[in-house]
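> How does the following fold in three dimensions:
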Amino acid sequence: ELLRSATSAADMNSSAATVSSRRSLSRDMRSSNSTPALARVLSQLVEPSWSDMLSGMAPFFEERRYELGETIFRRGEPPLAIYFIVTGEVTLWESAECSTVRRRLVRYANGGIFGELDFFLDSPRSFHAEASSTNCSLLALRRDALQSMQSQASQLAAALEHALLKYLCFQVKLKLSISDGVIDVRSGA
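Residues are numbered from 1 along each chain as shown. Alright, predicted model coming up:
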């Protein structure tokens, strides 16, 4: 399940303080074989006939690991990558400028994808993302890596873009299904 219930913001803030001493864990680790991790994230999104392309996509991704409470990116930063959750959970927060008050937008778990909207719109990050579980493993697709994929392996890029479009459609469908007051008049509901 991509969305999970959230713990309170106070729990998240207190755990962030304990994590600061463990930040020596390398966040940016090129994975020599990220194919199995990529398959776990994208297998539900790619067409069955394209599943053999996942091994070709793997070299374009970077594996990154975060601990509970570690910041993945901050609001206002440039959108350098899209993130795919292999294991763990990530919470997206909205915070007001010059304020310590923040509001949880959503929490994603295994298989979730985040950071794609600002990435494709090429606008500064509109929210704050942090790991909300220990040993959170992500695959990052940097802008330069996507551009390389598009120029060197256009079929792989097309398959990935199709998978991302499918994911976004699932997200929109989910949001529409939980909206209050929306009735499909064609179904008679």
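> For this structure, which segments count as helices?
Along the chain, counting by DSSP state H, helices occupy 9-19, 35-42, 54-57, 116-121, 143-152, 154-177.
> With mean pLDDT added, can I get the ones you listed in TSV?
Shown next, in TSV, are the helices of the chain (pLDDT from 0 to 100):
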stretch	mean pLDDT
helix 9-19	35
helix 35-42	79
helix 54-57	82
helix 116-121	93
helix 143-152	95
helix 154-177	86
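> Nearest approach to residue 79 belongs to which of these?
helix 116-121 (4.0 Å; Cβ to Cβ). Every C-beta, even on glycine, is put in place using the N, C-alpha and C of the backbone.
> any idea how far that closest one is from the chain center?
11 Å (Cα atoms, centre = their mean, to the nearest Å).
> name the helices or strands packed onto that helix?
Counting contacts by 3 or more Cβ pairs under 8 Å, 6 or more residues apart in numbering; DSSP states H and E, helix 116-121 packs against strand 81-87, helix 154-177.
> Of the ones you listed, flag the one that's most buried.
Most buried of these by mean neighbour count (mean count of other Cβ atoms under 10 Å) is strand 81-87; its value is a mean of 23.
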